[in-house]
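Visitor: I'll drop the sequence and a predicted model, then ask my questions.
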Amino acid sequence: MAGDRVRTGDGAGRGCRSARAVGPGARRSGSLRWKTGRLIAESALGQDRSAPLTAAGGLVCAADSGALYALSADRGIRKSTYGLGTDAAETTAPTVEGQVVYVGADNSVHAVRATTGKRLWTLHTDDDDLGVGQPIFRDGALYTVGYRAHSHSLYKVSARTGDIVWKKTEESLERFAGSSGATVAVAGDTVYTHNGSVVQAWQADSGRVRWQRDTGDTLSLQDGPVVAGGRWFACASDTVSDVRYVYALAADTGKELWKARFAGAMDTDSDIEGVQAVSGGVALLYTGPNAPDAGLRALDTETGKVKWERRFDSSVLSPPATAGGRVYIAADSVLYVLRADTGKTEWRSTLDALARQRPVIAGGTVYFSAPTGKIYAVWA
């Protein structure tokens, strides 16, 4: 019955306290499906961050600096908890494949059985690694980056055993792409990274460089990359003039297809976060999470021309997520769902919490976490 309270947790008195069950009659876009009690201590998250989520295979998984949590996607009931054994300030977003969850923390990658919380294996990448990026699963392997002070390594790891298949270290490069939340992109049999001004494509089976492209000595590539529709997309910043560009390269050869200069109000905003997603023929850029003029810009993936822009009267903007030709983004405590092709609002829903992490869409539901340590599920 709609509104019934259901007990969550594993019977040991740990984990989230409760979730609200919403019956089929109450199912409508933007309505609350369930929310947990405080799953993660606010002190573990800090005021300006919330736990990264992943949803797949009927599970919602969240990670903070000390633990990995697996919840049932339909009711928010906790299935398992696994201690990461670390007080690291950052834990990567989990990756779910089948009933196994992969997550990075400190200089380790963990594989955990989601339904039981049993550790399958732990890989300590290298004592010199200060941290690792989110493990990306493809064809029985994981790809991740180990970060160091002056050099970084790209790893291919067996998802079954945790053994390193190959490792590539670039001593002379400032960094591989992204941070602990976004490391590499994998498409087909190719792994993509970037460092400074150089974009590299690696053969997934051997770790050999397939192609390499230098975008220019004064360009420092930000975030990303995103690979979709046979194209590689990323945002770049000219470190001399502070002008920003978006690059589109052919994913198979590295050939430049187009380069678009930022224009308009976003041009002067130093908080542009790069290419975040590609959907419906548009590449999405956003300013956030605390930009004074928070907004989205959609570029035509074929030409780089601006198709639409949206501004939000908001001081906090989550990264956008895409699914089914729609864009999901939270501005302060409002969840917006936009058409990817036009940017027009399809619906919006007022939440009782801020959403700082990227929403996750799976099984007709939007999931997000809040700095309060709670996790929410809203009907899509």
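Guide: All right, it came through fine.

Visitor: can I assume Val145 sits in a strand?
Guide: Yes. Counting by DSSP: H, G, I helix; E, B strand; the rest coil, Val145 falls inside a strand.

Visitor: now do it against Leu154, distance only.
Guide: Taking C-beta to C-beta, to the nearest Å as the measure, Val145 falls 6 Å from Leu154. C-beta coordinates here come from the backbone N, C-alpha and C atoms, glycine included.

Visitor: strands of the stretch 1-150 of the chain, residue ranges please.
Guide: Secondary structure of the stretch 1-150 of the chain (DSSP state E, counting those that start in this stretch): strands at 5-7, 18-20, 32-35, 53-56, 59-63, 67-72, 78-83, 95-97, 100-105, 108-113, 119-124, 131-132, 136-138, 141-147.

Visitor: Asp352 reaches Ser333, doesn't it?
Guide: Yes. With contacts counted by C-beta atoms under 8 Å, Asp352 reaches Ser333, the gap being 6.9 Å.

Visitor: neighbour-wise, which of the two wins?
Guide: Ser333 (15 against 11; other C-beta atoms under 10 Å).

Visitor: can you pull out the helices in the stretch 101-250 of the chain?
Guide: Ranges of helices within the stretch 101-250 of the chain: none, based on DSSP state H, counting those that start in this stretch.

Visitor: could you list the low-pLDDT ranges of it?
Guide: 149-151, 170-183, 217-224, 239, 242 (pLDDT under 70).

Visitor: recalculate using a threshold of 80.
Guide: For the stretch 101-250 of the chain, the stretches with pLDDT under 80 are 127-130, 147-152, 170-183, 195-197, 216-224, 237-244.

Visitor: now do the phi/psi pair for Lys307.
Guide: phi -100, psi -40 (degrees, to the nearest 10).

Visitor: assign the nearest residue to it once chain neighbours are set aside to helix, strand or coil.
Guide: Among residues not flanking Lys307 along the chain, Ala298 sits closest, at 4.7 Å (C-beta to C-beta, 6 or more residues apart in numbering). The three-state label given to Ala298 by three-state DSSP is strand.

Visitor: partner residues bridging Ala298?
Guide: Applying DSSP bridges to Ala298 gives these bridge partners: Leu284, Trp308.

Visitor: Arg261: how many residues sit nearby?
Guide: 11.
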